[in-house]
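**Q** No letters, just coordinates:
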C-alpha cells in the first residue's frame, strides 16, 4: 500500500505544481483546461487566486499521502479525509452532466476532448487508488 500512497503523492505534487505554474505564468490555451461552451466562451475563470487555492489544496492532498513516510500531520483520523478526497475525485470523474466528466453532454469543445482523454480518467484512477488504499489500510 506504500506504493499507492507514493503514487498518489506524486500525482498530487505534479498537479499542484502545474496549478502554481498556471497561477504564476498563465495558461497558453485556457480552452484546453477550463470548460467552455460550444461558442468558445469559458464557463469558469478562476484567476490567479483561485488557481493558487487549488494548488495549495492539491499540495495538502500530497501531504496526506506522504504522511505515512514523513509523518507531516499527526492526526489519527486521516483516513476519513482520504476517503473524502476519493469521493471528491469520483464526483469529478462523473462530472456535472454538461461540461465535464464522463457523462457530459457538450462534447464538441477542446476541453471536452481533453477531459475525455485525460482529466476524467485521471480523476477516476485517483479515486480508485484512494479507495483501494483505504480499504486495505
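**A** The structure has been received and is ready for your questions. All of these numbers come straight from a predicted model, not from anything done at the bench.
**Q** The residue nearest to residue 67 when sequence neighbours are not counted in helix, strand or coil?
**A** Closest residue to residue 67 apart from its sequence neighbours, by Cβ to Cβ, 6 or more residues apart in numbering: residue 73 at 5.3 Å. In short, each C-beta sits where N, CA and C put it, glycine included. The three-state label given to residue 73 by DSSP: H, G, I helix; E, B strand; the rest coil is coil.
**Q** thinking residue 73 is in contact with residue 65, fair?
**A** No: using Cβ atoms under 8 Å, residue 73 is not in contact with residue 65; the gap is 10.7 Å.
**Q** Look at those two and report which has more neighbours.
**A** residue 65 (24 against 13; other Cβ atoms under 10 Å).
**Q** List phi and psi for that one.
**A** phi -90, psi -10 (degrees, to the nearest 10).
**Q** what about it, distance to residue 7?
**A** Going from residue 65 to residue 7 by Cβ to Cβ, to the nearest Å gives 8 Å.
**Q** Can you spell out which helices and strands pack onto the helix or strand hosting residue 69?
**A** Following DSSP states H and E, one finds residue 69 within helix 47-70. Applying 3 or more Cβ pairs under 8 Å, 6 or more residues apart in numbering; DSSP states H and E, we find helix 47-70 packed against helix 2-25, helix 78-94.
**Q** okay, the ones you listed in TSV with distance to residue 129 next?
**A** Below are these laid out as TSV (distance: least, Cβ to Cβ, whole Å):
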stretch	distance to residue 129
helix 2-25	5
helix 78-94	8
